[in-house]
Each structure stands twice: as C-alpha cells, then as structure tokens.
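Engineer: 3D, please:
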Amino acid sequence: MKEIDWNDFEKVEMRVGTIISAEAFPEARNPAYKLKIDFGGEIGEKMSSAQITRRYTHEELHGRQIIAVVNFPIKKIAGFKSECLVLGVMGENKDVVLLSPDQNVPDGLRIG
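Structural biologist: You can find the predicted model right below:
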C-alpha cells in the first residue's frame, strides 16, 4: 500500500449528502443507479452513477444519507455525467455497502 501525506488527504473533499432520487441506469455496462444527491449550501445537488443494485433498491435509497467525494472531475458513464463518487465498503463480487453517518447530520458537512 502506498502511503500518502496529510496534504494529500486534505485535498479529498468527502461530504455528507442525502439521496433525493435514484433511478435505474440500463445504459450502464454494469447494473447501476443514477443518483441525485443533495449536499446542501455551497455544493448543492450532484449526480452520481453507483453500482449498488445488489444490496439496495431505488426506493430504499431515497432520503438516505451517504458519504461521497465531491471534488473529482466529472466522469462520463454511458453518456451520463457522474459528478461525485459515492463511497462504500467493497465486498466480494463487488457487493457494496454504503458508508453513511450513524446519525442524521446536516448535508454538506465535511468528513475529516
């Protein structure tokens, strides 16, 4: 594992956001959802593609708080602009468990 220094870590903007919509993304190569996430105040809403269909239905994602990296460049996935990276624990066979705060907190708070 390559080590990073504190300055590298400080560059990564991880924020809390709330999923306000989740819909199927049939154009994606692997099963995924298109997510609209509200990060509040200065960041606002961002879109993301997330391969989390094995463990979550789109109905149970609505209103759920998650943690995402919000300062990556936009990534195009099957014509869709993914503006942030939703974080999760990667299990076997790409079975992802989302990272989230254990209590509701204001959207936009920084992880650090």
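
Engineer: who touches K2 in this structure?
Structural biologist: By Cβ atoms under 8 Å, 6 or more residues apart in numbering, K2 lies in contact with nothing. (Each C-beta comes from the backbone N, C-alpha and C, glycine too.)

Engineer: hmm, I was thinking of F72
Structural biologist: 84-85.

Engineer: In three-state terms, label it for me.
Structural biologist: Under DSSP: H, G, I helix; E, B strand; the rest coil, F72 falls in the coil class.

Engineer: which residues touch the biggest helix by length in the chain?
Structural biologist: The longest helix of the chain (DSSP state H) is helix 6-11. Outside of helix 6-11, the residues within contact range by Cβ under 8 Å, 6+ apart are N71.

Engineer: The chain should start at 410 in everything you say after this.
Structural biologist: All set: I'll call the first residue 410, so the last point we hit is now helix 415-420.

Engineer: next one: that helix to chain centre, how far?
Structural biologist: Here the centre of helix 415-420 is set off from its chain's centre by 20 Å, with Cα atoms, centre = their mean, to the nearest Å.
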